[in-house]
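Asker: Could you work out the structure for the sequence below:
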Amino acid sequence: MIKKCIFPVIILFFFAIPITRAEEELKYSSVEERRIAEAIGKERKRIRQEWIQIDLRKKELKVIEEGVDKKLAEIDSKLSQLQLQQRKIEKLLAKKSIAEKKRIVSLAKIYAKMTPIRAAQAMAGLDEQLASDILEQMKIKAAAKILDASSRQKATNLSKTYSTIPVK
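Answerer: Numbering: from 1, shown residues only. Model prediction:
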């Protein structure tokens, strides 16, 4: 049992001792053996260097992979924040749309109470889509009187806008 433990230590000690030139020449029986041994030694050294390079590349790739994972996590976080903001904006736009429709109904009532000439003059300065939306909320008879009191060009433009369905 003691021999098993000592033997590897002796081998390591033996290989750790530098070989003198005379011992090296005795080690090989021919010049060809020495050349082959040197070639093998050089190849081992080259392979060890490649292993070192491979280990370095593995470490670099691991660092890069960790960086990519962090960036992906950040992107996912920002994406979820943007989706949350988008939902908030959509809710606000829906509320705004409802409020605008209420105001258009209210404006339609105001314009309907005006004389057709005055209402036509007031609508002349409005955006055509807004004017069309106001006319849409009025009773047909009141809207017809206002269109009749409008200029021919304005009545034509409002009719075109009214008949075109807006894409939202």
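Asker: Report the mean confidence score over the helix ranked longest in the chain.
Answerer: The helix spanning the most residues in the chain, taking DSSP state H as the definition, is helix 31-113. Averaging pLDDT along helix 31-113 gives 94.
Asker: From the chain's centroid, how far away is it?
Answerer: The chain centre lies 7 Å from the centre of helix 31-113; the measure is Cα atoms, centre = their mean, to the nearest Å.
Asker: Which neighbouring elements make contact with it?
Answerer: Secondary-structure packing of helix 31-113 (3 or more Cβ pairs under 8 Å, 6 or more residues apart in numbering; DSSP states H and E): helix 116-124, helix 128-137, helix 140-149. The way it works is simple: take the backbone N, C-alpha and C, and place the C-beta from them, glycine included.
Asker: Now do that helix against helix 140-149, angle only.
Answerer: 90 degrees (axes from the mean of the first three to the mean of the last three Cα atoms, to 10 degrees).
Asker: Between helix 116-124 and helix 31-113, find me the angle.
Answerer: Using the same axes, to 10 degrees: helix 31-113 against helix 116-124 is 160 degrees.
Asker: Residue numbering should commence at 722 henceforth.
Answerer: Will do, 722 is the new start, and the previous item becomes helix 752-834.
Asker: The helices and strands packed on helix 752-834: which one's closest to Glu786?
Answerer: Closest of those to Glu786 is helix 849-858, at 54.2 Å (criterion: Cβ to Cβ).
Asker: How far does that closest one sit from its chain's centre?
Answerer: For helix 849-858, the separation from the chain centroid amounts to 41 Å (computed by Cα atoms, centre = their mean).
Asker: can you list the domains in this structure?
Answerer: 741-815, 835-889 (automatic domain parsing).
Asker: would CSV of these with distance to Arg824 be doable?
Answerer: Formatted as CSV, those follow (distance: least, Cβ to Cβ, whole Å):
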stretch, distance to Arg824
domain 741-815, 15
domain 835-889, 10
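Asker: So which of the ones you listed is the most surrounded?
Answerer: Mean neighbour count (mean count of other Cβ atoms under 10 Å) peaks for domain 835-889 among the domains of the chain, with a mean of 15.
Asker: Return the distance of it from the chain's centre.
Answerer: 45 Å.
Asker: for Thr885, phi and psi?
Answerer: Dihedral pair for Thr885: phi -90, psi 130, per degrees, to the nearest 10.
Asker: Now do it against Leu856, distance only.
Answerer: Distance of Thr885 to Leu856, computed by Cβ to Cβ, to the nearest Å: 13 Å.
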